[in-house]
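Asks: dropping the sequence and predicted coords here.
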Amino acid sequence: MKILIVDDDRLICKSLRVLLQRESDMEVTGTALNGAEAINACRKELPDIVLMDIQMPIMNGIQATREMKLEWPGLHVMMLTTFKDDKNIRLAIQAGAAGYLIKSTDVSNMAQKLRALVTGSTVLDAEVLKELTSPSRGKELKLLTPRETDICTLVAEGFSNREIAEHLFISEGTVRNTLSVILDKLHLRDRTQLAIYYLKR
């Protein structure tokens, strides 16, 4: 898989490149120092994954993610930042990021997390989950059937559609159809927003 690293700290870009280039199935196609550079790099390299910082000059990571997802809906964006506040996390997810990691955590298993991202899993740092999780319970969840609730739980735990189907002894088509019904009931856009919503409640 082709990876673009975006961070205004050149040392971080270099370190991540060295770390990921060790993986036989990964190729770092380039680095960018801000969101505008990242968009131009995507047009040239067409990466599979963008590893994105948030706070950068000229164009920040959230703005860049939003524009990238409009131009390349299938692009996988993983935020890697020092910010773990609720506002930045939610803005990143709403912009289209499917993963959110904190720089202070161990990134030695970064390759594993990026592979999970590509399979459709939502990858959230433990500190991010803690920030998003609250004891409140959403009244909307009471609209879900027991089967829909089971699927929500497995989505929140990072299961793919195939894994959910195997776990619940149903077809992948049934999982996809049920997810569409759940998203419609809860007025959500995709499985990443569903995972965040469910964990928060």
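Replies: Nice, thanks for sending it over.
Asks: return the helix or strand in this protein with minimum mean pLDDT.
Replies: helix 126-132 (a mean of 69; mean pLDDT, DSSP states H and E).
Asks: mind checking what helix or strand follows that one in sequence?
Replies: helix 146-156 (DSSP states H and E).
Asks: burial count for Gly29?
Replies: Gly isn't right for residue 29; it's Thr. Neighbourhood size, Thr29 [other CB atoms under 10 Å]: 17. For glycine as for every other residue, the C-beta is placed from the backbone atoms N, C-alpha and C.
Asks: ok so it is a strand residue?
Replies: Yes. Applying DSSP: H, G, I helix; E, B strand; the rest coil, one finds Thr29 inside a strand.
Asks: I'd say it and Val6 touch.
Replies: No. If you go by CB atoms under 8 Å, Thr29 and Val6 don't touch, sitting 11.8 Å apart.
Asks: could you dump stretch 114-129 to PDB, C-alpha only?
Replies: Extracted C-alpha coordinates of stretch 114-129, given in PDB (Å, rounded to 0.1, in the frame of the first residue of the first chain):
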ATOM      1  CA  LEU A 114      -2.700   1.200   9.100                       C
ATOM      2  CA  ARG A 115      -3.500  -2.300   7.800                       C
ATOM      3  CA  ALA A 116      -6.600  -2.300  10.000                       C
ATOM      4  CA  LEU A 117      -7.600   1.100   8.600                       C
ATOM      5  CA  VAL A 118      -7.500  -0.200   5.000                       C
ATOM      6  CA  THR A 119      -9.800  -3.200   5.900                       C
ATOM      7  CA  GLY A 120     -12.500  -0.700   6.900                       C
ATOM      8  CA  SER A 121     -11.900  -0.800  10.700                       C
ATOM      9  CA  THR A 122     -12.100   2.400  12.800                       C
ATOM     10  CA  VAL A 123      -8.800   2.900  14.500                       C
ATOM     11  CA  LEU A 124      -8.900   5.100  17.600                       C
ATOM     12  CA  ASP A 125      -6.300   5.700  20.200                       C
ATOM     13  CA  ALA A 126      -7.200   4.600  23.800                       C
ATOM     14  CA  GLU A 127      -6.900   8.200  25.000                       C
ATOM     15  CA  VAL A 128      -9.300   9.300  22.200                       C
ATOM     16  CA  LEU A 129     -11.900   6.600  23.200                       C
END
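Asks: what does that stretch contact?
Replies: Here stretch 114-129 makes contact (CB atoms under 8 Å, 6 or more residues apart in numbering) with 1, 3, 20, 25-26, 48-49, 51, 76, 78, 84, 89, 98-102, 105, 113, 132, 155, 158-161, 191-192, 195-196, 199.
Asks: who are the contact partners of Cys42?
Replies: 4, 50, 68, 71-72, 75.
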